[in-house]
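Asks: structure for the following, please:
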Amino acid sequence: MLVMNTPFRELDSLFDQLTGRGSVSAAGNSMPMDAYRRDGDVWVHLDLPGVAADSLDVAVERNVLTVSGERNWQRQDGDQLYLAERRRGTFRRQVTLGDGLDAEGIEADYTDGVLTLRIPVAEKAQPRKINITNGGSNSQPAIETTAS
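Replies: Residues are numbered from 1 along each chain as shown. Sure thing, here's the model as predicted:
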């Protein structure tokens, strides 16, 4: 139902290794994500510590869900920097939504540095029971029996 849209992930990871930027997560992405289906919804959680809620943007265009945000920290005059491993700047993550998801019904919540998205599974993709008829328009039993 969800498809990662990261065609340059391996190239980015190689560049990070070569430049010494280090990995931010196991996937080498600045927005670690969990996604799972529970009942009639797909849940997505993105870790965004230090990102202000008003800098977040969630948009859907042509079944592509885009989450973007910005984390900033400005050094002040006189600061003596010892270590700078946390990424700063603009971040973006894209995920392609399958046809079985209802992009119009997406809900978002941002609490404690975790962006949670609830994406309803479309009605047409919900499991349903198929009724079985006996094959005729008249109401005869499927197998005729006689007692002897």
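Asks: next up, the contacts around D112.
Replies: Contact analysis of D112 by C-beta atoms under 8 Å, 6 or more residues apart in numbering lists nothing. Quick note: C-beta positions are derived from backbone N, CA and C, even for glycine.
Asks: kindly report the same for G50.
Replies: R71, W73, R86, G113.
Asks: assess the claim that G100 and K124 are in contact.
Replies: Yes. Contact criterion C-beta atoms under 8 Å: G100 and K124 qualify, at 7.3 Å.
Asks: what stretches of this protein score poorly on pLDDT?
Replies: 1-29, 125-126, 136-148 (pLDDT under 70).
Asks: kindly recompute the last result at 90.
Replies: Flagging of the chain using pLDDT under 90 yields the residue ranges 1-31, 39-40, 50, 62-63, 71-76, 81-91, 98-100, 121-148.
Asks: could you measure E70 against F91, distance?
Replies: 7 Å (C-beta to C-beta, to the nearest Å).
Asks: what do you get for K124?
Replies: In terms of C-beta to C-beta, K124 sits 33 Å off from F91.
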